[in-house]
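Engineer: Pasting a predicted model and its sequence here:
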Amino acid sequence: MLPVHTARRAGCAALLFLPLLARAAEIDGSELSAWWALPFAGMLLSIALLPLLLPHVWHHHFGKISLGWALAFIVPFAAVFGFGVAGGAFVHTLLAEYLPFVILLTALFTTAGGIYIRGNLHGSPGTNCTLMAVGAVLASVMGTTGASMLMIRPLIRANDNRRHVAHVVVFFIFIVSNAGGALTPLGDPPLFLGFLRGVEFGWTLRHLLSPTLFLVGALLAVFWLIDGWYYRREGVLPQDPTPDTERLGLLGGINLLLLAAVVGLVLMSGTWKPGLRWHVAGTEVELQNLLRDAGLVGVTLLSLALTPATARLANQFSWAPMQEVAKLFAAIFLTMLPVLAMLKAGAAGPFAAVVQAVTGPDGQPLPWAYFWFTGVLSSFLDNAPTYLVFFNLAGGDAQVLMNALAPTLAAISAGSVYMGANSYIGNAPNFMVKAIAEDRGIRMPSFFGYMLWSGAVLLPLFALLTLIWFH
């Protein structure tokens, strides 16, 4: 135990550093060069290449590799800009972004993982399409993460007698983990941020219903053709030789109430503004967010205590997918800080060409450009801050964006949600679904293999969306 006078000195030293950190909660992207994006690029390449080139090393050491890339950014950054700036950036990432992200994902992962849909499901093309359509509807009610965690396990179990299953999971990511969440602020984090900035709750439903129905419907049709081809080729019987007479039902139904509590806590944090806030090392922490996160931790603990052990056992519930996501996204959040800061700097930053590319000769925003730039960046960066960057580039006034510039706001919203499906790291549930599938023994496509699927299936559909709605 430290002597009292030593502890006091340590406390005084920490207090001396707080003003330094307080000046550094945000990075000024105009002071950075594009070289600061290298650790983020290295992190992406590690996720993409190491599972292919060095699978044993990656499987056992991905946490250390992620830590290495995080240090490759934060240590040089501290050396160049000082401990205060680097420490403030780290604290901001931890308190304002990473911990709320992980706490919410853990609550959804735990509650959805405690619901076991029992009964005799057979993975025919029709059944698979039905499960995905239900998941797409749920995605705008309980969020893409909640719907993904709820529906992926029964979908995998329904196809456990199929030889080719990876394409089923890939289309599930396209439809449930991304496109389905485009209709309400509950569906995907970027839309929730827009809601917090003044966008009406029903605005996205009114303006994105048609393109979302088109995208989800087209994806289901393409999937039905591909899955039907595999199904006929495999000669899968429509019924098992010994039919399972167990009726459809739920185990762990208490978790449906807990999922509703998660949705309620998230809505509360966005609508209740008591005005109480504290500053921790330059990062603003508001009362409603603290209560939300504390409530989500409580929901997680309640789910673990109240869920019958048989439900998690039947779901083959494992913490491995959540651990993988938590470790990888810790490094992703930290290393992408300078990239987002440079984008936020707009015309004054090293990515000024992006600002010029989304603006027409008359000074008006180009919806098609906003759709593609928001979407492409959301494919690899966190789509929530990417949405905010382009929201602000388009003026940042919710009333103007909802009315005079409605096509631009629709393009930003659609790009950030739809194109999160372009890569495994475009949206948090993508990687979680992949990890769950691999934990069940499904051989998923590699990082680039998945992008071959998304490029072949999604990009032509996005081009059609551009011609019809965002031209």
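Structural biologist: Okay, I see it. Quick caveat: nothing in here was measured; it's all calculated off a predicted structure.
Engineer: CA atoms for contacts and neighbours, from now on please.
Structural biologist: Will do.
Engineer: Quick check: mean pLDDT of whatever helix or strand residue 449 lives in?
Structural biologist: If you go by DSSP states H and E, residue 449 is part of helix 447-469. For helix 447-469, the mean pLDDT works out to 95.
Engineer: Helices along the stretch 201-350 of the chain, start to end?
Structural biologist: Using DSSP state H, counting those that start in this stretch, the helices of the stretch 201-350 of the chain run over 203-234, 254-271, 287-306, 309-314, 320-335, 337-344.
Engineer: and the angle for the helix holding residue 449 with helix 203-234?
Structural biologist: If you take axes from the mean of the first three to the mean of the last three Cα atoms, to 10 degrees, helix 447-469 sits at 130 degrees to helix 203-234.
Engineer: Now do the buried residues in helix 447-469.
Structural biologist: Using 16 or more other Cα atoms under 10 Å as the test for burial, helix 447-469 gives 447, 450-451, 453-454, 457-458, 461-462, 464-466, 469.
Engineer: Send me that helix as CSV with only the CA atoms.
Structural biologist: Extracted in CSV, the C-alpha atoms of helix 447-469 (Å, rounded to 0.1, in the frame of the first residue of the first chain):
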residue,chain,number,x,y,z
PHE,A,447,-11.8,-10.1,-45.7
PHE,A,448,-11.3,-9.8,-49.4
GLY,A,449,-13.4,-12.8,-50.2
TYR,A,450,-16.3,-11.1,-48.5
MET,A,451,-15.7,-8.0,-50.5
LEU,A,452,-15.9,-10.0,-53.7
TRP,A,453,-19.4,-11.0,-52.6
SER,A,454,-20.3,-7.4,-51.7
GLY,A,455,-18.8,-6.0,-54.8
ALA,A,456,-20.6,-8.4,-57.1
VAL,A,457,-24.0,-8.2,-55.4
LEU,A,458,-24.2,-4.8,-53.7
LEU,A,459,-22.4,-2.4,-56.0
PRO,A,460,-24.7,-2.9,-58.9
LEU,A,461,-27.7,-2.4,-56.6
PHE,A,462,-26.2,0.8,-55.2
ALA,A,463,-25.7,2.0,-58.8
LEU,A,464,-29.4,1.5,-59.4
LEU,A,465,-30.3,3.2,-56.2
THR,A,466,-28.2,6.2,-57.4
LEU,A,467,-29.9,6.4,-60.7
ILE,A,468,-33.4,6.1,-59.2
TRP,A,469,-33.2,8.1,-55.9
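Engineer: Against which helices or strands is it packed?
Structural biologist: On a contact count with 3 or more Cα pairs under 8 Å, 6 or more residues apart in numbering; DSSP states H and E, helix 447-469 meets helix 38-53, helix 203-234.
Engineer: follow-up on the earlier one: please identify the deepest-packed of the helices of the stretch 201-350 of the chain.
Structural biologist: helix 337-344 (a mean of 23; mean count of other Cα atoms under 10 Å).
Engineer: This completes my enquiry, with thanks.
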